[in-house]
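Chemist: structure for the following, please:
(chains A and B)
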Amino acid sequence: MACSATAQIIQPLSINSARSVDNSGACTKILSPSSFLGSTPRINKKLFAVNKSISSLARRPTIVFAVSSDVVKEKKLKSNSSLSNLLITKEEGLELYEDMYLGRAFEDMCAQMYYRGKMFGFVHLYNGQEAVSTGFIKLLKKEDCVVSTYRDHVHSLSKGVPAREVMSELFGKTTGCCRGQGGSMHMFSKEHNVLGGFAFIGEGIPVATGAAFTSKYKREVFKEDCDEVTLAFFGDGTCNNGQFFECLNMAALWKLPIVFVVENNLWAIGMSHVRATSDPQIWKKGPAFGMPGVHVDGMDVLKVREVAKEAIGRARRGEGPTLVECETYRFRGHSLADPDELRDPAEKAHYATRDPITALKKYIAENKLASEAELKAIDKKIDELVEDAVEFADRSPVPARNQLLENVFADPRGFGIGPDGKYRCEDPKFTEGTAQV
Amino acid sequence: MAAMLQAIGVASPSVAFSDHYNKSSVSSIRSFPVIRSDARSSSGSIHGSFKPGKIITKATATQTESSASAASKPGHELLMFEALREGLEEEMDRDPRVCVFGEDVGHYGGSYKVTKGLAQKYGDLRVLDTPIAENSFTGMAVGAAMTGLRPVVEGMNMGFLLLAFNQISDNCGMLHYTSGGQFTIPTVIRGPGGVGRQLGAEHSQRLESYFQSIPGIQLVACSTVYNAKGLMKAAIRSENPVVLFEHVLLYNLKERIPDEEYVLSLEEAEMVRPGEHITLLTYSRMRYHVMQAAKTLVNKGYDPEVIDIRSLKPFDLYTIGNSVKKTHRVLIVEECMRTGGIGASLTAAINENFHDYLDAPIVCLSSQDVPTPYAGTLEEWTVVQPSQIVAAVEQLCK
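Modeler: Below is the predicted model of the structure:
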């Protein structure tokens, strides 16, 4: 986009065309203590130094913004030398491809199932944004935490929640990851440290901040060797919400090991990002709070991965949070109930040409990382996995009545003492789910 | 007593950091040692002695002598805010996962000095001075609780927690359920509330009625030094999210409490003064207005039974029910507003469960549905006064 410092009303189409211009633009490489390989170059090369009056404790480097050219990646393509020059190995490439294909296949199946009446309510699909989820989450350990919004199926899958459990949850069956009690917008997994799944935007960001706080607490109070990080995923609409700003402040203040990942797909249901935001460049809001703000092409999994490596690395080393704005796009409507009439077909067509899965396939092919057959084998494997997930969900039982009251309280004495002097949860009707509480 | 408390299933401070989550099974709760008060003894008595059928002619609760006589050592005297601090400190010593979040809780020691000295003792991370962002730091407490800590969130004034309503309702209350029981949220949310002395409308709010519908949380209100400490400890140890309501005007109450460790039950009501003629149900500061009215009533020949319900959600229908079955008349005295208040819910609950035992309709005295005025005289008329209580009892007992 035209990055002038003065505020301008930027029309959606001009952003798109300007963005495509960006990718080919070369610019000087400015390395700072934390360089973000793969991030989008700034045409005006403006550096954002942290206001010196803020960092009275002089805890962080004064230059919190860095630029690195993605010409680097293109150079590597052209040089066509040994595999060690590439950004990924074959194994990594196949892993990334598989994960993105899983996300896409799963979401497509969700749409099918929804229209067949197996899935209900509000279902928000992730098609088109797979590069962000795969690019970030595949770098995490099992102990790291992920917090998402209602568009959380693919984040859960990338983090390792089995497709069977996610599909069951969507069908509302007891074998779902949340026993059928959460649904599409509330995916949780204790085992894989997926902390939700939140219906209200912005609601999950403080929860993510809290998880990062626990990581710091473990290090400093328990003196454990803990370098767990938390990733908070949310959209462009959330970036106008108070909780976003409040958490940016707290995370930077206490140097929490968290990465704030903005999936800027330009639309909050039918509200275009530029119509809702005074300064649409979200990455700029990071330095205002004392953390680096990085913009990256969210349709390119390799670029996302490079930026993610640095951001997650920063968090692990205790250097504090990072705000990463991923420019991405959702191919479908906001949810399956959204007729998606407001978006310009030309815009949709433009982003369809930047499909992240196609792009990775092309990269793999051009660099001879794997053969067409290997990729097809992965496709087949994933298709079968998703089919199996549907069959599993189909034959799973629906929750019985006795499940109704079980998880309201962790300690069921919270239902109180009944007229007969016994705790209500001791009433046999309670376990049947028919007690009046 | 303390040794017994520590022996039975209670985690030691060097607890391994893994979380002991299991889908809650009823059989496991019995291991938690809880003091259930003998319903017919005076408040907080551990070894209370009481002969059934004996009418106590003294108007005021024998709280000081009973809690002291129960202890083998003489006990120690302290103010309510100190007792809250003592309870918090004991829990923080016992379990390193307990931490405090709030505005000015650290270096300043808390707006009502409940956390005074704790930051110096435990450090700035365990007693965290937050920026002014209630919704976010309450959400942070939820996230920390989900990942293994046990945060105590202080609202500088309970009214400020209206800003945190999103996180309290959606996340504190619901996440255990929507995650299918995978995550527990053992947070305590506490702070001073209630009508003070001319603090103005926004600092004189009673949020218990706003929170009571939220599924998944428990509400308790403390009223004496003894139950303040006991409820604070119980709330911290509970696996459920608990909102503990303290009252601005009660922080300087002085009382003698036992030296030994004690934890009260979150779900039980407290018998303040047994009686035969009428059941007076109250909580928090109104307990003192009720006891003042009781003095007058006793002099006039009435014998009121006063129960401090303590647990605002859920109601202790056993203690309350036994009382209704005995006296057949109920007067509820509360400080929250008339509409949709705790009294309204309590009236409905008693009508539903004990309708046959009532000789008269339940009367509920609440504050006026008015934003608390600044002017002293107006403020006095918003809240229930002892004279109104006396008049209502006389009317009911006709």
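Chemist: for the rest of this, base every contact and every neighbour count on C-alpha atoms.
Modeler: Fine.
Chemist: measure stretch B:323-336 end to end?
Modeler: With CA to CA, to the nearest Å as the measure, stretch B:323-336 spans 23 Å from end to end.
Chemist: stretch B:250-260 now?
Modeler: End to end - CA to CA - stretch B:250-260 spans 23 Å.
Chemist: who's in contact with whichever residue of the stretch 251-398 of chain B sits closest to chain A?
Modeler: When distances are taken as CA to the nearest CA, the stretch 251-398 of chain B reaches nearest to chain A at residue B:318, 4.3 Å away. Neighbour list for residue B:318: A:417, A:418, A:419, A:420, A:421 [criterion: CA atoms under 8 Å, 6 or more residues apart in numbering or on different chains].
Chemist: just the buried residues from those residues, in PyMOL please.
Modeler: In PyMOL syntax, the buried subset of the contacts of residue B:318 is picked out as below (16 or more other CA atoms under 10 Å in any protein chain shown):
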select buried, chain A and resi 417+418+419
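Chemist: pick out the most distant pair among the contacts of residue B:318.
Modeler: Maximum pairwise distance in the contacts of residue B:318, criterion CA to CA, is 7.9 Å, between A:417 and A:420.
Chemist: and residue B:306, what element?
Modeler: Counting by DSSP states H and E, the element that carries residue B:306 is strand B:304-308.
Chemist: tell me the strands beside that strand, with direction?
Modeler: Strand B:304-308 has the following sheet partners, assigned by DSSP bridges: strand B:270-273 (antiparallel), strand B:278-282 (parallel).
Chemist: tell me where chain B has strands.
Modeler: Counting by DSSP state E, chain B has strands at residues B:76-79, B:98-102, B:127-129, B:150-154, B:188-193, B:218-221, B:242-247, B:254-257, B:270-273, B:278-282, B:304-308, B:311-313, B:330-337, B:363-367.
Chemist: could these be laid out in CSV, adding mean neighbour count?
Modeler: What follows is the strands of chain B, written out as CSV (neighbours: other CA atoms under 10 Å in any protein chain shown):
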stretch, mean neighbour count
strand B:76-79, 16
strand B:98-102, 25
strand B:127-129, 22
strand B:150-154, 27
strand B:188-193, 26
strand B:218-221, 27
strand B:242-247, 26
strand B:254-257, 22
strand B:270-273, 27
strand B:278-282, 27
strand B:304-308, 25
strand B:311-313, 26
strand B:330-337, 25
strand B:363-367, 22
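Chemist: who are the contact partners of residue 221?
Modeler: In the absence of a named chain, this looks at chain A. Contacts of residue A:221 were listed using CA under 8 Å, 6+ apart, and they are B:125, B:126.
Chemist: if you could check chain B rather than the one you did, that'd help
Modeler: Neighbouring residues of residue B:221 by CA under 8 Å, 6+ apart: B:244, B:245, B:246, B:283, B:284, B:310, B:311, B:312.
Chemist: what does residue B:339 give?
Modeler: Applying CA under 8 Å, 6+ apart to residue B:339 gives the contacts residue B:369.
Chemist: ok, it to residue B:393 distance?
Modeler: The spacing between residue B:339 and residue B:393, counted by CA to CA, is 22 Å.
Chemist: please apply the same query to residue A:433.
Modeler: For residue A:433 relative to residue B:393 (CA to CA), the value is 40 Å.
Chemist: neighbour count winner among these two?
Modeler: Neighbour totals were compared for residue A:433 and residue B:393, and residue B:393 leads with 24 against 16 (other CA atoms under 10 Å in any protein chain shown).
Chemist: can I assume the more buried one is in contact with residue B:332?
Modeler: No - when contacts are counted by CA atoms under 8 Å, residue B:393 is not listed as touching residue B:332 (10.4 Å).
Chemist: picking that back up, save the strands of chain B as JSON lines, and put in mean pLDDT too.
Modeler: Shown next, in JSON lines, are the strands of chain B (pLDDT from 0 to 100):
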{"stretch": "strand B:76-79", "mean pLDDT": "96"}
{"stretch": "strand B:98-102", "mean pLDDT": "97"}
{"stretch": "strand B:127-129", "mean pLDDT": "97"}
{"stretch": "strand B:150-154", "mean pLDDT": "97"}
{"stretch": "strand B:188-193", "mean pLDDT": "96"}
{"stretch": "strand B:218-221", "mean pLDDT": "97"}
{"stretch": "strand B:242-247", "mean pLDDT": "97"}
{"stretch": "strand B:254-257", "mean pLDDT": "96"}
{"stretch": "strand B:270-273", "mean pLDDT": "96"}
{"stretch": "strand B:278-282", "mean pLDDT": "97"}
{"stretch": "strand B:304-308", "mean pLDDT": "97"}
{"stretch": "strand B:311-313", "mean pLDDT": "95"}
{"stretch": "strand B:330-337", "mean pLDDT": "95"}
{"stretch": "strand B:363-367", "mean pLDDT": "96"}
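Chemist: hey, what's the closest residue to residue B:190 other than its chain neighbours bridged with?
Modeler: Among residues not flanking residue B:190 along the chain, residue B:244 sits closest, at 4.6 Å (CA to CA, 6 or more residues apart in numbering or on different chains). Beta-bridge partners recorded for residue B:244 (DSSP bridges): residue B:190, residue B:220.
Chemist: and stretch A:205-220, what's buried?
Modeler: Buried residues in stretch A:205-220 (16+ other CA under 10 Å): A:205-218.
Chemist: which ones among the residues you listed also lie next to chain B?
Modeler: The overlap between those and the neighbours of chain B (CA under 8 Å from any CA of the partner chain) comes to A:206, A:207, A:208, A:209, A:210, A:211, A:212, A:213, A:214, A:217.
Chemist: where does the chain have low pLDDT?
Modeler: Because you didn't say which chain, this covers chain A. By pLDDT under 70, the low-scoring segments of chain A are A:1-35, A:37-38, A:41-84, A:435-437.
Chemist: nope, chain B please
Modeler: Counting by pLDDT under 70, chain B shows low-confidence ranges at B:1-73.
Chemist: distance of the residue positioned nearest the centre of it from chain A?
Modeler: The centre of chain B sits closest to residue B:221, judged by CA atoms, centre = their mean, with a distance of 2.1 Å. Computed as CA to the nearest CA, to the nearest Å, the residue B:221 to chain A distance reads 15 Å.
Chemist: so what's the nearest residue to that residue once chain neighbours are set aside up against?
Modeler: Using CA to CA, 6+ apart and skipping residues adjacent in sequence, the residue nearest residue B:221 is residue B:245, 4.5 Å away. Each residue near residue B:245 by CA under 8 Å, 6+ apart is listed here: B:158, B:190, B:191, B:192, B:193, B:208, B:219, B:220, B:221, B:222.
Chemist: alright, that wraps it up for me.
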